[in-house]
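1. Here's a sequence, model it:
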Amino acid sequence: MVILNLRDDCVARTATNFRRGMTDKRFLELEITAWLASPERKRQINGELYYDGKQAVLGRKRMALDDDGHVVELKHLPNNRMVNNQYAKMVDQKTNYSFGRPFSFDTENKQYAEALNAVLGARFRRLLRAVGEGAWVGGKSWVYPYYEAGELAFKRFPADEVLPFWADADHTILDAAVHVYMVQEYDETEQTKEVVKVEVMHGGGVDCFIRKDDGTLIPDDYARSGPYITETDEDSGEAKTYNWERIPLVCFKSSHHELPLLSRVKCLQDAYNDVLSNFANQMEEDVHNTILVIRNYDGEDLGRFRHNLATYGAIKVRSYENTEGGVDTLTLEVNAENFKTLLALLKDAIIENARGYDAKDERMSGNPNQMNIQSMYSDIDLDANGIETEFQAAFEELLWFVNKHLANTSKGSFEGTEVKIIFDRDVLINETEAINNCKASVGILSNETIVKMHPWVTDPEEELKRLKEEKEEEAAADPYRAAFEATHGAGGTTGKGTPPVKDGEGDDKAE
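-> Numbers count the residues shown, from 1 in each chain. Okay, here's the model as predicted:
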């Protein structure tokens with residue numbers, strides 16, 4: 001276990017992790033320097049860059065060998081750098097599938113549900129969607145609970161800003177963490193400069209530093225080091241400080257591997273961009289679509305010949321020693337179908353390896369049944385199950401802070417109360433088939449279950465309340481119907497206020 005105590009002049013030692021004489025501060029300097037250049041962080045940064053469209057194809061050049069055998073750039077040829085960002089599409093698709101719709105709390109304690117909805121309201125739901133997106137982009141994303149104007153608030157840290165120190169190999173128990181981020185500040189000449197801030201979070205609170213260019217850490221005089229929570233007494237005006245019993249940082253992972261989605265599709269996305277750019281290049285190389293066979297060419301060299309041909313659209317030839325000059329052509333056809341086939345294969349491979357779905361899938365043509373829809377969603381469903389399992393475990397950690405906040409603010413003690421987070425997935429369905437299934441389930445399932453499964457219902461509790469109010473209004477308008485339903489059941493009628501009639505019997509003989 002790493003024991004950090006940086007405020008005591010940075011002279012504390014750890015038991016076994018350091019060589020003799022190394023301080024905690026020096027250990028952190030070395031760890032941060034190594035982490036900033038680590039392959040893991042580079043993958044996380046690449047995930048962000050590729051999502052923004054800053055991909056490898058933007059730096060490509062057309063190269064060739066010159067007469068001396070040196071590699072040179074061919075600047076006179078078309079060099080398209082096209083980005084068709086299928087990767088960003090997959091990130092958005094998977095994020096919106098699992099986190100695009102508001103989550104809900106499933107608990108028998110209504111007071112607890114109301115308290116959770118008050119603390120984790122619309123602002124947190126928006127944050128959670130960004131956390132889900134960050135988990136796909138960076139492999140994991142972090143949520144930092146803190147107090148803002150006396151209320152519990154939450155902040156998201158991207159994966160490439162947090163260096164965690166785990167107490168176990170499965171990365172479930174956080175020993176300490178370092179938050180590294182960059183800000184713009186004005187120097188003495190009133191010019192902006194980039195300053196690297198470092199916040200070290202541990203059991204005793206947070207220590208704030210500034211990282212210099214040589215990797216050393218110096219105390220940040222403008223940031224507050226110490227306990228996590230500061231409260232000002234209204235009567236005395238004195239500041240009281242408190243610490244959480246845990247490190248206030250919760251890790252939300254895309255999977256236990258903590259790998260960005262880009263790791264699955266980077267080579268495919270790069271190949272897609274290259275093929276698309278090459279196709280555009282060949283379409284623009286009008287002169288090179290034809291090979292010219294020249295007899296008795298009157299000019300200095302082929303470079304000037306190509307230049308004159310592209311500029312004037314004409315060339316000069318001459319006859320020499322009874323040999324007629326002229327130009328013959330060999331036409332090269334660019335087969336667009338080859339490019340289209342390859343692009344289609346790469347797109348399908350990106351979707352399959354990212355475990356998404358193609359909304360233009362041929363299974364969706366016509367009037368698809370629910371089995372075809374489920375087949376199209378099978379891959380993304382498996383990935384959604386995995387990330388939701390990770391998020392459920394992370395929510396348990398986060399709810400520990402929420403429960404402590406509710407207890408400390410006298411809003412109730414809910415520690416140990418069972419609650420489950422329900423993620424409402426954004427899934428296409430065949431509404432007609434779903435509604436018919438609901439109709440067929442009447443009398444077999446409870447009304448509450450049927451209402452929850454109906455595709456038009458967004459708030460089952462509110463819908464059940466409306467149904468109850470409608471029945472009460474009908475009962476008030478027709479007391480005979482209410483008395484009959486109380487005796488025979490609500491489903492024993494054929495019309496409004498009319499009991500069912502047997503076949504062949506008169507209207508006055510009820511079944």
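2. If I look at the residue lying closest to residue 120 once chain neighbours are set aside, what pLDDT would I see?
-> Sequence neighbours aside, residue 402 is the residue nearest to residue 120 in space, at 7.0 Å (criterion: C-beta to C-beta, 6 or more residues apart in numbering). C-beta coordinates here come from the backbone N, C-alpha and C atoms, glycine included. Residue 402 carries a pLDDT value of 96.
3. what secondary structure does residue 402 sit in?
-> helix (DSSP: H, G, I helix; E, B strand; the rest coil).
4. burial count for it?
-> 19 (other C-beta atoms under 10 Å).
5. Same check on residue 78?
-> 15.
6. Confirm for me that residue 139 is in contact with residue 45.
-> No. Counting by C-beta atoms under 8 Å, residue 139 stays clear of residue 45, with 11.6 Å between them.
7. Could you check which of these two is surrounded by more residues?
-> residue 139 (23 against 16).
8. roughly how far apart are that one and residue 267?
-> 18 Å (C-beta to C-beta, to the nearest Å).
9. ditto for residue 75
-> For residue 75, the distance to residue 267 - C-beta to C-beta - is 28 Å.
10. try residue 163
-> Distance from residue 163 to residue 267, by C-beta to C-beta: 28 Å.
11. neighbour count winner among those two?
-> Taking other C-beta under 10 Å, residue 163 and residue 267 do not tie; residue 163 has more neighbours (21 against 14).
12. Mind telling me what element the more buried one is part of?
-> For residue 163, the host element (DSSP states H and E) is strand 162-166.
13. Quick one: list the elements packing against that strand.
-> Contacts defined by 3 or more C-beta pairs under 8 Å, 6 or more residues apart in numbering; DSSP states H and E place strand 162-166 against helix 24-36, strand 174-186.
14. now those as TSV including distance to residue 90, mean neighbour count and mean pLDDT?
-> What follows is these, written out as TSV (distance: least, C-beta to C-beta, whole Å; neighbours: other C-beta atoms under 10 Å; pLDDT from 0 to 100):
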stretch	distance to residue 90	mean neighbour count	mean pLDDT
helix 24-36	28	17	94
strand 174-186	27	16	94
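15. What ranges does the stretch 251-400 of the chain have for its helices?
-> Counting by DSSP state H, counting those that start in this stretch, the stretch 251-400 of the chain has helices at residues 262-284, 302-312, 336-354, 370-376, 378-408.
16. Who are the packing partners of the last one?
-> Read that as helix 378-408. By 3+ C-beta pairs under 8 Å, 6+ apart, helix 378-408 packs against helix 86-99, helix 110-119, helix 122-138, strand 140-148, strand 151-158, strand 250-253, strand 420-422.
17. Comparing those, which stretch has the densest surroundings?
-> strand 250-253 (a mean of 23; mean count of other C-beta atoms under 10 Å).
18. So, low pLDDT: which residues of the protein?
-> 1-22, 286-325, 327-333, 363-370, 426-431, 479, 481-511 (pLDDT under 70).
19. Geometric centre of it: which residue is closest?
-> residue 133 (1.5 Å; C-alpha atoms, centre = their mean).
20. wait, it sits on residue 96?
-> No. Assessed by C-beta under 8 Å, residue 133 is found out of contact with residue 96, at 9.0 Å.
21. If you tally nearby residues, what's the number for residue 410?
-> That count, for residue 410 with other C-beta under 10 Å as the rule, works out to 7.
22. ok, now which ones touch it?
-> Residues counted as contacts of residue 410 (C-beta atoms under 8 Å, 6 or more residues apart in numbering): none.
23. Over to it. Which of the three states is it?
-> Secondary structure, three-state DSSP: residue 410 is coil.
24. Please state the backbone phi and psi of it?
-> phi 60, psi 40 (degrees, to the nearest 10).
25. distance of it from residue 115?
-> 11 Å.
26. same deal with residue 371?
-> For residue 371 relative to residue 115 (C-beta to C-beta), the value is 42 Å.
27. now do residue 436
-> Where residue 115 is concerned, residue 436 sits at a distance of 40 Å (C-beta to C-beta).
28. what's the answer for residue 251, then?
-> For residue 251 relative to residue 115 (C-beta to C-beta), the value is 24 Å.
29. Out of the helices of the stretch 251-400 of the chain, which is closest to residue 66?
-> helix 302-312 (11.5 Å; C-beta to C-beta).
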